[in-house]
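Student: sequence and predicted structure are below.
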Amino acid sequence: MLSDLFRKKRKYVTISRDKELKPPITDDAIYEPLEETIEQKSDIQDGLWIKCPDCDEVMYQKELDNNQKICPKCNYHFRLSSIERLAITVDDDSFIELDENMVSLNPLSFPDYEAKLEKARNKSGLKEGVITGEATINGFPIIIAVLDFNFMGGSMGSVVGEKITRAIETSIDKQLPLIIISTSGGARMQEGILSLMQMAKTSAALAKLDQAGLLYISVLTDPTTGGVTASFASLGDIIIAEPKALIGFAGQRVIEQTIRQKLPSGFQRSEFMLEHGMIDLIIDRKNMKDTIANILKMHSRKEEI
Amino acid sequence: MSSDLLNLEKPIVELEKKIEELKQFSIDKEIDLSTEIELLEQKRINLEKDTYSNLSPWQHIQIARHFKRPSFYEYVDHIFEGFIELHGDRLFRDDPSIVGGIAYLNQQSVTVIGHQKGKDTKENIKRNFGMPNPEGYRKALRLMKQASKFNRPIITFIDTPGAFPGIEAEERGQGEAIARNLLEMAQLEVPIISVIIGEGGSGGALAIAMGNHVLMLEHAIYSVISPESCGAILWKDSSKGEKAAEALKITAKDLLNLGVIDDIITEPLGGGHHNPEQLMGSVKKALISHLDVLKEYSKEKIVEHRYNKFRKMGLF
Ligand SMILES: [Zn+2]
């Protein structure tokens, strides 16, 4: 159920995930057809009303926005843009962006990639799929990276990998805790092998953060999948997820086709991941900031004395 | 897979047949056709050279996936001495799709790890077509840390369509297992050499491929996604695999240009399965010469060298 959330015109149409052609073998580091998930989001702007994909409640978009995009009826957490996420996570006026002008090239001359980047930039208002910077959370200084699903499904190419790596290095330089809030379809296939290499690059940088004895909190939001799950998202000292977020490595369709059986309900959701010991805790969006702040406090250098 | 003949090999084989027929004809009828035969022989040699020097990415894939292509155990047998296989991740079970152990390479003790595909249906089921579960990666990590403890160089052989997409694999943390390997491999204080021998399938390949030096066989491929899947996602058509294979830049030559690999090992004409012994000789020679370089590095330098190599990845 990767059915998207902000569909208005098509809100009574169930997206059929079977209409796709079936990949013959594994997608591995790439989770879902990112292009399709992006298309589903195209009706965001003119949405006055919105339907909860979980409980079918119809509500004012405004009502939802005023509630941190959480369904007031069933607590379903709608997806947030990176800007929205930052706004509810860091202290007002505390955010200083890093590497804000870094933009993707088309290193493989991959067909249509430039057009897709352009479209993603227009749609998201961002230059790339991750925002990184320095900020405070309830007064605690941190380095933070927030991925954005609106930018090519939060996929990781050279720029996303580089910005995250630089954020990790900045954490080490400034001796600050690191927070990465993930949402991603995985590696960005338009950058081919270079995308795959970002998994190695970011993970190697996290090894240095480890050795520096610094705290890394990984926050997983809907959806966190593929090569991002198989690299930095799974490497937090503490891993927190929002409720019911899709978290996993392989795509559900690929799994179904491979094992030829239906997947159990709740498969690859936060609660499933908690039950199987893959994450530390599930925290509601409204308590996320304070929870992170509490953890930061327990790890602050002052506490050590 | 009923025939071991690839499409690209067919014209060559047909020509060979024709030459044979002609030879037989000349014997039967006692006619001297040596000039004609020689001409055809020359044609065959040229055709062979032509075919294999201008392979498309798609044709490389066919060779890389060829069921007769040598698999990990064959490399172990031909290149190393005294291999002792070590089993299990000490957590859940032994994953037969990743094999590891200790052995000698040219009198130097090393840890050897690789994906193991099957040669037939029965073995493929046992080996899960070379698609590891998390316990495979965790076994590999256990053996790599052991290697580091005893100061043994690590040699990994990569040949997998990808990490296995299954319910249990997800339950046991396929993503975490791969991620953990990447983080830990970055810190190992011994030389790591990785050789892509067949299919380098995405994260499932990378999880044991963070070498100081990454080598690739001439016809091997290394990709973030299978071209068929890529075609299906981008163009809604899995038969667009050929187009995707071009776009993804997955051949050894492409990856050398992109700085992702360090060396290409030339294969016998037509691919490794045409002359496994020659292939093994080339791989052994390459391993020894790369290890000779890396052996000289201090522990600090080995870690730094590997870090810098992967730190540079990406173009922006
Ligand atoms: Zn609801």
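Tutor: Done, it's in.
Student: for the residue nearest in space to the middle of chain A, what are its contacts?
Tutor: Per Cα atoms, centre = their mean, the C-alpha nearest to the average position across chain A is that of residue A:183, at 1.1 Å. Residues in contact with residue A:183, defined by Cβ atoms under 8 Å, 6 or more residues apart in numbering or on different chains, are A:79, A:147, A:148, A:149, A:154, A:221, A:222, A:223, A:224. For glycine as for every other residue, the C-beta is placed from the backbone atoms N, C-alpha and C.
Student: give me the three-state assignment for it.
Tutor: Look at residue A:183: counting by DSSP: H, G, I helix; E, B strand; the rest coil, its state is strand.
Student: for the contacts of residue A:183, which entry has the maximal number of neighbours?
Tutor: Of all these, the most densely surrounded is residue A:224 (33 neighbours; neighbours counted as other Cβ atoms under 10 Å in any protein chain shown).
Student: beta partners of it?
Tutor: Taking DSSP bridges, one obtains residue A:184, residue A:247 as the residues bridged to residue A:224.
Student: list the contacts for it?
Tutor: Under the criterion of Cβ under 8 Å, 6+ apart, the contact list for residue A:224 reads A:182, A:183, A:184, A:233, A:241, A:245, A:246, A:247.
Student: pick out the residue of the stretch 201-305 of chain A closest to the ion.
Tutor: residue A:244 (10.4 Å; Cβ to the ion).
Student: and that residue, how many residues sit next to it?
Tutor: Counted with other Cβ under 10 Å, residues neighbouring residue A:244 total 19.
Student: how about the helices of the chain, start to end?
Tutor: I'll assume chain A. Along chain A, the segments classed as helices by DSSP state H run A:34-39, A:61-65, A:82-89, A:113-124, A:158-174, A:192-211, A:226-229, A:252-259, A:270-275, A:285-299, A:301-304.
Student: actually chain B
Tutor: When assigned using DSSP H, the helices of chain B occupy the ranges B:10-29, B:34-53, B:57-64, B:72-79, B:121-127, B:134-149, B:167-171, B:174-185, B:202-206, B:227-235, B:241-248, B:252-257, B:276-295, B:299-311.
Student: same list (the contacts of residue A:183) but as CSV, adding pLDDT.
Tutor: Shown next, in CSV, are these (pLDDT from 0 to 100):
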residue, pLDDT
A:79, 94
A:147, 98
A:148, 97
A:149, 95
A:154, 96
A:221, 98
A:222, 95
A:223, 95
A:224, 96
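Student: tell me the one of those nearest chain B?
Tutor: Each of those was scored against chain B by Cβ to the nearest Cβ, and residue A:224 proved nearest at 8.8 Å.
Student: so where's the chain shaky on pLDDT?
Tutor: Looking at chain A here, since you left the chain open. Where chain A drops to pLDDT under 70, the residues are A:1-47, A:302-305.
Student: if you could check chain B rather than the one you did, that'd help
Tutor: Along chain B, the model assigns pLDDT under 70 to residues B:1-4.
Student: okay, now the domains of it?
Tutor: Domain assignment of chain B by automatic domain parsing yields the ranges B:7-54, B:61-312.
Student: tabulate the helices of chain B (TSV), appending mean neighbour count and distance to the ion.
Tutor: Listed next are the helices of chain B as TSV, based on neighbours: other Cβ atoms under 10 Å in any protein chain shown; distance: least, Cβ to the ion, whole Å:
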stretch	mean neighbour count	distance to the ion
helix B:10-29	13	60
helix B:34-53	13	60
helix B:57-64	22	46
helix B:72-79	19	50
helix B:121-127	13	44
helix B:134-149	23	34
helix B:167-171	20	26
helix B:174-185	26	28
helix B:202-206	33	34
helix B:227-235	24	30
helix B:241-248	22	39
helix B:252-257	19	47
helix B:276-295	16	57
helix B:299-311	17	43
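Student: quick check: residues of chain A near the ion?
Tutor: Contact residues, chain A versus the ion (Cβ under 5 Å from the ion): A:52, A:54, A:55, A:57, A:71, A:73, A:74, A:76.
Student: for the first one, give me its contacts.
Tutor: If you count contacts by Cβ under 8 Å, 6+ apart, residue A:52 has them with A:58, A:59, A:71, A:73, A:74, A:76.
Student: again with the fourth one
Tutor: Under the criterion of Cβ under 8 Å, 6+ apart, the contact list for residue A:57 reads A:51, A:71, A:72, A:73, A:74.
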